[in-house]
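K.L.:
this is a predicted model, with the sequence first.
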Amino acid sequence: MDLKPYIHVRLRLIDKHGEEPLSGENYRVQLYDNDMLEDDFLGEGIPDASGCVDIRFHSGQFSQWGLGEELPDLYFKVLHKGEEIFRSPTAFNANPLIQGDFDVEEGLFINMGSWVVDVESQKEE
């Protein structure tokens with residue numbers, strides 16, 4: 001039996017210029033654990049109509065080969081039509097018990113908050 005919990009991450013994206021939620025199939029958010037050697041891809045999601053993205057991953061996905069990493073160092077990328085337009089800073093040692101919540105069915109929960117993305121300037125480059 002696997003006793004390592006799942007972690008559910010939620011974030012919200014807002015367009016800087018229109019102050020509207022970023023949503024739709026043209027946008028994709030990829031979540032990573034920042035590591036010294038190679039970052040771990042944890043999952044991805046598409047923003048819903050309110051700009052919210054939910055990504056769920058198993059806590060075993062970020063553990064480094066027995067190096068004792070207990071908490072993930074989370075960051076995410078926002079892609080528009082496959083091109084990276086935004087990268088968040090890393091939230092080191094993201095602790096769901098401090099930055100989130102625990103639900104018996106959902107597991108550990110981390111709310112990464114709302115992020116304003118400058119979509120127009122990124123599309124012009």
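P.N.:
That came through fine. On a predicted model such as this, the values are computed, not experimentally measured, just so you know.
K.L.:
from now on I want contacts and neighbour counts done on CA atoms only, so please keep to that.
P.N.:
Noted.
K.L.:
quick one: what helix or strand has residue 114 in it?
P.N.:
Assessed by DSSP states H and E, residue 114 sits inside strand 107-117.
K.L.:
show me what the residue nearest to the spatial centre of the chain is bridged to.
P.N.:
Using CA atoms, centre = their mean, the residue of the chain that lies closest to the mean C-alpha position is residue 31, 4.0 Å off. Beta-bridge pairing for residue 31 (DSSP bridges): residue 43, residue 76.
K.L.:
quick check: it vs residue 92, distance?
P.N.:
Noted for residue 31: a distance of 13 Å to residue 92, by CA to CA, to the nearest Å.
K.L.:
between those two, which contacts overlap?
P.N.:
residue 74 (CA atoms under 8 Å, 6 or more residues apart in numbering).
K.L.:
ranking helices and strands of this structure by mean pLDDT, which lands last?
P.N.:
Across the helices and strands of the chain, mean pLDDT, DSSP states H and E gives its lowest value to strand 100-103, namely a mean of 57.
K.L.:
how many residues are close by residue 26?
P.N.:
Residue 26: 12 surrounding residues under other CA atoms under 10 Å.
K.L.:
can you tell me the closest non-neighbouring residue to it?
P.N.:
residue 81 (5.1 Å; CA to CA, 6 or more residues apart in numbering).
K.L.:
quick check, that neighbour in contact with residue 27.
P.N.:
Yes. Using CA atoms under 8 Å, residue 81 is in contact with residue 27, at 6.4 Å.
K.L.:
who has more neighbours out of those two?
P.N.:
residue 27 (20 against 11).
K.L.:
so the more buried one makes contact with residue 78?
P.N.:
Yes. Taking CA under 8 Å as the definition, residue 27 is a contact partner of residue 78 at 6.9 Å.
K.L.:
can you list the strands that the strand holding residue 114 pairs with?
P.N.:
strand 6-15 (parallel), strand 100-103 (antiparallel).
K.L.:
what about those strands, which gets the closest to residue 74?
P.N.:
Closest of the strands paired with strand 107-117 to residue 74 is strand 6-15, at 9.6 Å (criterion: CA to CA).
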